[in-house]
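Engineer: The following block contains a protein sequence and its predicted model.
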Amino acid sequence: MKTDTKVIDKGWNRIKREVSRYKNSYVGVGFFGGGGGLTIVKIAFWNEFGTKRIPKRPFMRQTYAKYIVPVSKIIMKEYDYVLRGKSTARNSLNRVGEWYVGKMKYTITNGNFIANKPATIRRKKSSRPLIDTGEMRNSITKRVFML
């Protein structure tokens, strides 16, 4: 006796594929520039870790310390969306990255940093550390890496 079997997927294979992509991918947040000379990447590094002339102003580490628990919850929420077929891995990781970019920019604007020296304040006409032209803050972005 021969029987015909019809498989009705209802999206299960797509969900499995997206879950696999999510588990094997990540989003990076920071500065992805390159090139030589005085780049935003170098300026960010010098401010994060300090130099002989620039005090440490660890905006990346402050962001991580303050938001590690909330971002972990957002990652799990986005994973749940992928599990339920409500999102793709790429879209979910993009949302996580955009959220974290906003938090890093907020930290640069409002973080707790060593004050500028009086000569720096006179030159910049501002006492706010890490903000001169706003170029560094505006250069923070995210990249999704799908493995």
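Structural biologist: Everything's here; your move.
Engineer: Surely Met146 touches Tyr22?
Structural biologist: No. Here Met146 lies out of contact with Tyr22, judged by C-beta atoms under 8 Å, at a distance of 9.3 Å. Using the backbone N, CA and C atoms, a C-beta is placed for each residue, glycine as well.
Engineer: residues shared between the contacts of the two?
Structural biologist: By C-beta atoms under 8 Å, 6 or more residues apart in numbering, Met146 and Tyr22 have these common neighbours: Ala89.
Engineer: Of these two, give the one with the bigger neighbour count.
Structural biologist: Counted by other C-beta atoms under 10 Å, Met146 and Tyr22 do not tie: Tyr22 has more neighbours, with 22 against 11.
Engineer: Can you say which helix or strand has Asn62 in it?
Structural biologist: That one is not Asn; residue 62 is Gln. helix 59-83 (DSSP states H and E).
Engineer: can you pull out the helices in this structure?
Structural biologist: For the chain, helices defined by DSSP state H occupy the ranges 12-23, 40-49, 59-83, 89-110, 118-124, 135-138.
Engineer: how much space between the most centrally placed residue in the chain and Lys16?
Structural biologist: Nearest residue to the geometric centre of the chain (C-alpha atoms, centre = their mean): Val29, 2.8 Å. Distance, Val29 to Lys16, by C-beta to C-beta, to the nearest Å: 28 Å.
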